[in-house]
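Student: could you look at this predicted model? Sequence included:
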Amino acid sequence: MNCERLLFRFEGSCEMAVEDKAQKLETMRHSASHVMAEAVKSIFPDAKFGIGPAIEDGFYYDFELPRPLAVEDLPSIEAKMAEIIAADQPFKREEINSKAAIKLFNGQPYKIELIKDLGEEQISIYTNGEFTDLCRGPHVKSTKEIKAFKLTSVAGAYWRGDEKRPMLQRIYGVAFDSRADLDAYLKKIEEAAKRDHRKLGKELDLFSLHEEAGPGLVYWHPKGATVRQLIEDFWKIEHRRRGYDIVYSPHIAKVHLWEISGHWNFYRENMYSPMEIDGIEYVVKPMNCPFHILMYKTQMRSYRNLPMRYAELGTVYRYERSGVLHGLARVRGFTQDDAHIFCRPDQIESEVKDVVELAQFMLKSFGFSEYEMMLSTRPEKYVGEVKEWDMATDALRNVLEKLKIQYKVDPGEGVFYGPKIDIKLKDALGRLWQGPTIQVDFQMPERFDVNYIGEDGQEHRTVMIHRTVLGSMERFFACLAEHYAGAFPAWLAPIQVVIIPIADRHGDYAEKLFKDLRSKDVRVQLDDRSERMNLKIREAQLNKIPYMLIVGDKEMESGAVSVRLRTGEDLGAQSFADFEKRVKAVVESRTLDQL
RNA sequence: GCCAGCGUAGCUCAGUGGUAGAGCAGCUGUUUCGUAAACAGCUGGUCGUCAGUUCGACUCUGACCGCUGGCUCCA
């Protein structure tokens, strides 16, 4: 047997083992949810049960209870669960017909609804101890196989995810194979909370939000604004290189414009209330598309000039419901890195491909390697013809397939005017946030009568591609801050270098260095306070400033600087010229992990 | 918007039915110091807002606003 085959077999079995282990964990987590339900039943005999699946890292169960739960209730439920686990109750599977099941679940309206919706003759039920549940399974053999768990939170959740149906109480828990795994997980969550962008925003003086001025409206402080400007500069250069034209458009427009686009009809609730100007109603823009269309339409466009790509860092306002606001990740006023590509139908695929590649390039440039690609298809409420939708969806799918990108399909999650590819970024706690999006649209061109003159001299309908490659500056910045825990790569760091004179007599030398670096566009700060060097280092460290230059008698004599990195590494003395070279190289290469 | 929790100095937090404290930050002074916090003094809050209960509320009740975790939503 040759090595290659051996290796292949080894990999194969390895993968299998991983899959197997994940499966076992999921089963155990699902069983844990039954155990929790049993515990809840013993405490609240009148509880009505919803559903209780396994989820990533754990499980939940939804209940209707006689009183609201608080986190304080969790320990007693956990204690009861521990008893059940210790009792080593076996899980028993039975198959019964649906009539018998409906009888069995008498007094459990949610279960009965589920049974009826299943519409099957035979259904399976699982029993452990005092608790019997409608369940497809599988489960562990007995409760003792649930090794380590913890209940984490209580929350409200609509029955079947429908806000018109009753809200049940959901208890979330996590479960692992061992105490050590559970502890490691809890530790990870604790660490992740420390890099929450809202916390970093305060600690590093990056941005603020103000209750008195309105929720969801962002104030970018100098340091946050610096990072944003650097991202925007990079974005602009990259767009020009790739054939985009940068444009600007107004912040308000007549309601009529959104009546044409269809947004008024579909999204009026999410737009800021109209204001009357000269007897005509205007709204603040919730998106930039109609503006770009108006610009496109100022001339006759030839097929020779397509595609045309209008890009704009466009600030938009959307009325988001109060409960969904979240730091910079979900706000009411935000700046999209928007662009609209006007092209011919035969150009769709290649344009989409370029956009996908641009998005990947942008994410990679900022150090994001973990993200999810989703293909969202035609929703229930849509405009246009199914034929066009299919064409647009195929174009998106083809690109994903050709680029060999792993993606998931989100059925019915497209925009009312077209299907889209979404890229979701992860925050510190592993929550996914919609980032870049690419939407193929035949509808806006139809509504706004957007055309080009073809080779045949006739008018043809232009196709639009709406896209962002970062998402919004706010959300992208939030994810970026969390990704680096506030220690931005040197090229993005709001302050790159801090100069720390040891005593006042080193001030002049320090100032000379400061002016020199500043004249070379290094973002440098001089810390000439009458404080001890130790304090200045500590503060620079807490501010995650990449380079600290310590200058005292030794350095002053030889025209040197002592370099300390924010990693804690002390590089010792080197010539100032060498240091400048080093910083220049690191910043210009936009390297992400080197100082 | 819905469910639950929370809201005390710039920040992190303690506290009680009888009109509030700590550390850090800030200010003033002393210190001039070699790789993560020098020392001393001082300033600072109508305890989220508005009502109600009470002789008296920051503390109890209600409404509202905001935040946190979920749910729903996210053009």
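Tutor: Noted; the coordinates are in hand.
Student: quick one: the helices in the stretch 351-500 of chain A?
Tutor: A:386-402, A:443-448, A:473-483 (DSSP state H, counting those that start in this stretch).
Student: can you say which of the ones you listed is packed in most?
Tutor: The highest mean neighbour count among those, using mean count of other C-beta atoms under 10 Å, belongs to helix A:473-483: a mean of 25. The C-beta positions use only the backbone N, C-alpha and C, and glycine is treated the same way.
Student: ok, residues contacting that one?
Tutor: A:195-197, A:200-201, A:206-207, A:218, A:224, A:227-228, A:231-232, A:313, A:327-331, A:334-337, A:366-368, A:425-428, A:433-435, A:470, A:488, A:492 (C-beta atoms under 8 Å, 6 or more residues apart in numbering).
Student: tell me the pLDDT at the closest residue to RNA strand B within chain A?
Tutor: For chain A and RNA strand B, the shortest gap (C-beta to the nearest atom of the strand) falls at A:Gly323, measuring 2.1 Å. For A:Gly323, the model assigns a pLDDT of 92.
Student: ok, A:Leu375 - contacts?
Tutor: Per C-beta under 8 Å, 6+ apart, neighbours of A:Leu375: A:Thr393, A:Leu396, A:Arg397, A:Leu400, A:Tyr407, A:Lys408, A:Val409, A:Asp410, A:Pro419, A:Lys420, A:Ile421.
Student: repeat that for 7 Å
Tutor: Neighbouring residues of A:Leu375 by C-beta atoms under 7 Å, 6 or more residues apart in numbering: A:Leu396, A:Arg397, A:Leu400, A:Tyr407, A:Val409, A:Asp410, A:Ile421.
Student: which one of these sits closest to A:Ala155?
Tutor: Nearest to A:Ala155 out of the contacts of A:Leu375 is A:Asp410 (C-beta to C-beta; 23.2 Å).
Student: which residue ranges of the stretch 201-350 of chain A form helices?
Tutor: Counting by DSSP H, counting those that start in this stretch, the stretch 201-350 of chain A has helices at residues A:222-241, A:255-261, A:263-267, A:289-296, A:348-365.
Student: format those helices as CSV; extra columns: distance to A:Val283.
Tutor: Output for the helices of the stretch 201-350 of chain A, formatted as CSV (distance: least, C-beta to C-beta, whole Å):
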stretch, distance to A:Val283
helix A:222-241, 26
helix A:255-261, 6
helix A:263-267, 8
helix A:289-296, 11
helix A:348-365, 28
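Student: out of these, deepest packed?
Tutor: Of all these, helix A:289-296 has the most neighbours on average by mean count of other C-beta under 10 Å, namely a mean of 20.
Student: for chain A, which residues score under the pLDDT cut-off?
Tutor: Within chain A, the stretches with pLDDT under 70 are A:1-18.
Student: burial of A:Gly137, as a residue count?
Tutor: 13 (other C-beta atoms under 10 Å).
Student: bridged to the residue nearest to the spatial centre of chain A, which residues?
Tutor: For chain A, the residue nearest the mean C-alpha position is A:Trp433 (2.0 Å; C-alpha atoms, centre = their mean). In this structure, A:Trp433 bridges to A:Leu425 when assessed by DSSP bridges.
Student: mind checking how far it is from A:Ser376?
Tutor: A:Trp433 sits at a distance of 15 Å from A:Ser376 (criterion: C-beta to C-beta, to the nearest Å).
Student: what does A:Tyr382 give?
Tutor: Applying C-beta to C-beta to A:Tyr382 and A:Ser376 gives a distance of 12 Å.
Student: do A:Phe477 as well
Tutor: According to C-beta to C-beta, A:Phe477 and A:Ser376 sit 24 Å apart.
Student: point out the residues in the stretch 51-200 of chain A that sit beside RNA strand B.
Tutor: Listed as neighbours of RNA strand B in the stretch 51-200 of chain A under the rule C-beta under 7 Å from any atom of the strand: A:68-71, A:153-158, A:161-163, A:167, A:169-170, A:196, A:198.
Student: now A:Met36: which helix or strand?
Tutor: helix A:3-43 (DSSP states H and E).
Student: meant to ask about A:Asp181, not that
Tutor: Assigned by DSSP H and E, A:Asp181 belongs to helix A:179-194.
Student: just the buried residues of that helix, please?
Tutor: Within helix A:179-194, the residues that count as buried by 16 or more other C-beta atoms under 10 Å are A:Leu182, A:Tyr185, A:Ala192.
Student: can you check stretch A:87-107 too?
Tutor: A:Gln89, A:Phe91, A:Ser98, A:Ala101, A:Ile102, A:Leu104, A:Phe105.
Student: next one: the first one from A:Gly129, what distance?
Tutor: Plainly put, A:Gln89 is 4 Å away from A:Gly129 if you go by C-beta to C-beta.
Student: A:Asn265 versus A:Ile125, what's the distance?
Tutor: Taking C-beta to C-beta, one finds A:Ile125 at 47 Å from A:Asn265.
Student: sorry, that was for A:Gly457
Tutor: According to C-beta to C-beta, A:Gly457 and A:Asn265 sit 35 Å apart.
Student: still on that earlier bit, for A:Asp133, which of the helices of the stretch 201-350 of chain A is the nearest?
Tutor: For A:Asp133, the closest of the helices of the stretch 201-350 of chain A is helix A:263-267, at 40.4 Å, according to C-beta to C-beta.
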